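In: Here is a sequence together with a model predicted from it:
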Amino acid sequence: DGGITQSPKYLFRKEGQNVTLSCEQNLNHDAMYWYRQDPGQGLRLIYYSQIVNDFQKGDIAEGYSVSREKKESFPLTVTSAQKNPTAFYLCASSSAPGPQHFGDGTRLSIL
Amino acid sequence: SQKIEQNSEALNIQEGKTATLTCNYTNYSPAYLQWYRQDPGRGPVFLLLIRENEKEKRKERLKVTFDTTLKQSLFHITASQPADSATYLCALPNSGGYQKVTFGTGTKLQVIP
């Protein structure tokens, strides 16, 4: 079955540590996205990529970094510069034009 | 960017009734509007897309309307079931940016048996 796989489901970060969230899709979609969801808030766009080797900042990119070396993969790194990283992170992909398909998220917490 | 308002209070309805959720937006009129369903601890799942030239769209027990004059979309679930209990998000495209959309905060629906 085609879809988006996010891993791990739960992740813990120590102070001053960078962590990387994985996102893989086998839908052959060109566009991929990373969102952050906090309780009672909508999804906020962190980064998005329209094509391999290209990505743009979203609304809350500070403290995050991404890469897009393969069409199927769009990993997100939460750096130590992100002072409030505890949240639910969602990865999505889409074809043009079309709705977004989401993974089941990674919940990041601080130790 | 688009500002979206969805009723932040939970909506509780009796099983079998019709649930109606509202999505209001400001600023420019979007070319289309999407509705998603999100269950706790899961990613949103796409349900329906309605374009600006469509007044109404149906899919099984779901119906979406789009009033560009009122800048509002209504999402209806007829003959609601406890399994319909979830948070429903509306999303609209940004004025610029390929495939970028802005999501509302969602309305939590609880269908009571």
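Out: Yes, it's here.

In: Name the next helix or strand downstream of the helix or strand encompassing B:Asn12, please.
Out: Here B:Asn12 is covered by strand B:11-14, with elements defined by DSSP states H and E. Where DSSP H and E defines the elements, the next helix or strand beyond strand B:11-14 is strand B:19-25.

In: so what does that following strand touch, helix or strand wise?
Out: Counting contacts by 3 or more Cβ pairs under 8 Å, 6 or more residues apart in numbering or on different chains; DSSP states H and E, strand B:19-25 packs against strand B:4-6, strand B:11-14, strand B:32-38, strand B:72-77, strand B:86-93, strand B:107-112. Placement of C-beta: from N, CA and C, glycine included.

In: Check which helix or strand the closest residue to chain A within chain B maps to.
Out: Of all residues in chain B, the one sitting closest to chain A is B:Gly43 (3.1 Å; Cβ to the nearest Cβ). Counting by DSSP H and E, no helix or strand carries B:Gly43.

In: and it, what does it touch?
Out: Counting by Cβ atoms under 8 Å, 6 or more residues apart in numbering or on different chains, B:Gly43 touches A:4, A:6, A:90, A:92, A:102-105.

In: Check those residues one by one and keep those near chain B.
Out: Among the contacts of B:Gly43, the residues that sit close to chain B (Cβ under 8 Å from any Cβ of the partner chain) are A:4, A:6, A:90, A:92, A:102-105.

In: Near chain B, which residues of chain A? Just list them.
Out: A:4, A:6, A:31, A:35, A:40-43, A:45, A:48, A:50, A:56, A:58-59, A:90, A:92, A:94, A:96-105, A:107.

In: So which of the residues you listed are in strands?
Out: A:4, A:6, A:31, A:35, A:43, A:45, A:48, A:50, A:56, A:90, A:92, A:94, A:101-102, A:107 (DSSP state E).

In: picking that back up, mind telling me the two of the ones next to chain B among the contacts of B:Gly43 farthest from one another?
Out: Across the ones next to chain B among the contacts of B:Gly43, no pair lies farther apart than A:Ala92 and A:Asp104, at 11.3 Å, counting by Cβ to Cβ.

In: Residue ranges in chain A under the pLDDT threshold?
Out: Within chain A, the stretches with pLDDT under 70 are A:1, A:97.

In: So which residue is dead centre in it?
Out: Among the residues of chain A, the one closest to the centroid is A:Trp34, at 3.2 Å (Cα atoms, centre = their mean).

In: so what's the nearest residue to it once chain neighbours are set aside up against?
Out: In space, A:Trp34 comes closest to A:Ile46 once its chain neighbours are excluded; the distance is 4.3 Å by Cβ to Cβ, 6 or more residues apart in numbering or on different chains. When contacts are counted by Cβ under 8 Å, 6+ apart, A:Ile46 touches A:34-36, A:58-61, A:64, A:66, A:76, A:89.

In: Just the buried residues from these, in PyMOL please.
Out: Here is the PyMOL command that selects the buried residues among those (16 or more other Cβ atoms under 10 Å in any protein chain shown):
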select buried, chain A and resi 34+35+36+58+61+64+66+76+89
